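In: Sequence and computational prediction follow.
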Amino acid sequence: MGFRRKTADTATAQGNGSQRRFVVRVLLLAVLVAYAIAFVLENRQHVHVHFIVVTATVSLIWLLLLGIGIGVLVTLLLAQLERRRRRRRAD
């Protein structure tokens, strides 16, 4: 059982692979940041939100982010509830 030494070629190939992954990650992050900025700029107009008794004027981006946040919170709570049910059934 011997250990193989890394040759200069394999070390260079591994270095190039990790460098490529880094560049791809940076590019993906840049695209996501650009998309987020465009999303905010496109949805900054004010809209009227009508509740039963009250009408509020709010920026559309905040309304969208609130809806996304509520959706994530409900999803997490439902997943937690499902985990509890599975544990109770297993016991």
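Out: Structure received.

In: distance between the ends of stretch 51-59?
Out: 16 Å (CA to CA, to the nearest Å).

In: who touches that stretch?
Out: 43-49 (CB atoms under 8 Å, 6 or more residues apart in numbering). Glycine gets a C-beta too; all of them are placed from N, C-alpha and C.

In: Low-confidence regions, this structure specifically.
Out: 1-15 (pLDDT under 70).

In: residue closest to the middle of it?
Out: When the chain is reduced to its mean C-alpha position, the nearest residue by CA atoms, centre = their mean turns out to be residue 32, at 9.6 Å.

In: circling back: quick one: which of the contacts of stretch 51-59 is nearest residue 19?
Out: The shortest distance between residue 19 and any of the contacts of stretch 51-59, using CB to CB, involves residue 43 and amounts to 36.6 Å.

In: and that closest one, what does it touch?
Out: Contacts of residue 43 were listed using CB under 8 Å, 6+ apart, and they are 59-61, 64.

In: Could you dump these into JSON lines and include distance to residue 72 and neighbour count?
Out: Compiled in JSON lines, these are given as follows (distance: CB to CB, whole Å; neighbours: other CB atoms under 10 Å):
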{"residue": "59", "distance to residue 72": "20", "neighbour count": "14"}
{"residue": "60", "distance to residue 72": "19", "neighbour count": "15"}
{"residue": "61", "distance to residue 72": "16", "neighbour count": "15"}
{"residue": "64", "distance to residue 72": "13", "neighbour count": "13"}
